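Asker: one predicted model, sequence on top.
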Amino acid sequence: MPKSKEFISSSESDSDNDQPKQKKKKVEKKEKKEKTESKKEEKSSSSKGPGGEYMFQLSKMRFATVSQFRGNVMVGIREFYDAGGELKPGKKGISLSKDQWKKLKEHIDEIDDAVKDLS
């Protein structure tokens, strides 16, 4: 018949088996914190694409890019596809000139409000 909690001494409840669990939890919390920090770094950092453009990952295969086309700076949002281990731009996307980009930034607060309103 199992012992009730009344008969278990305090030395048994603070056994060595409990201590590694606590240490493991601390390690897990530390690992989670490191993973979160590395995700933040990934989101905030850019990489150089094959054409020399700056690439900012938005989702798995969607990127915001800053590049030059015929001497003009362009900001793009585009889906990419994997072509034998190399990322290539797909058909779905848009490129904005510097003027269009500035205009979009002017409306960003209004766009945020509309998103909140519809959410």
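Answerer: That came through, no problem.

Asker: what number of residues lie near the closest residue in space to N72 that isn't next to it in sequence?
Answerer: Leaving aside its chain neighbours, N72 sits nearest to S97 (6.3 Å; criterion: CB to CB, 6 or more residues apart in numbering). C-betas here are computed from N, CA, C, even on glycine. Using other CB atoms under 10 Å, S97 is surrounded by 13 other residues.

Asker: low pLDDT regions in this protein?
Answerer: Residue ranges of the chain with pLDDT under 70: 1-44.

Asker: mind listing the strands in this structure by residue range?
Answerer: Using DSSP state E, the strands assigned to the chain run over residues 47-48, 54-57, 62-69, 72-83, 86-97.

Asker: show me the domain layout of the chain.
Answerer: For the chain, the domain assignment from automatic domain parsing gives the residue ranges 17-48, 49-118.

Asker: and the longest one, end to end?
Answerer: Across its full length, domain 49-118 reaches 35 Å end to end, with CA to CA, to the nearest Å as the criterion.

Asker: and the gap between W101 and N72?
Answerer: Here the criterion is CB to CB, to the nearest Å. By it, W101 lies 11 Å from N72.
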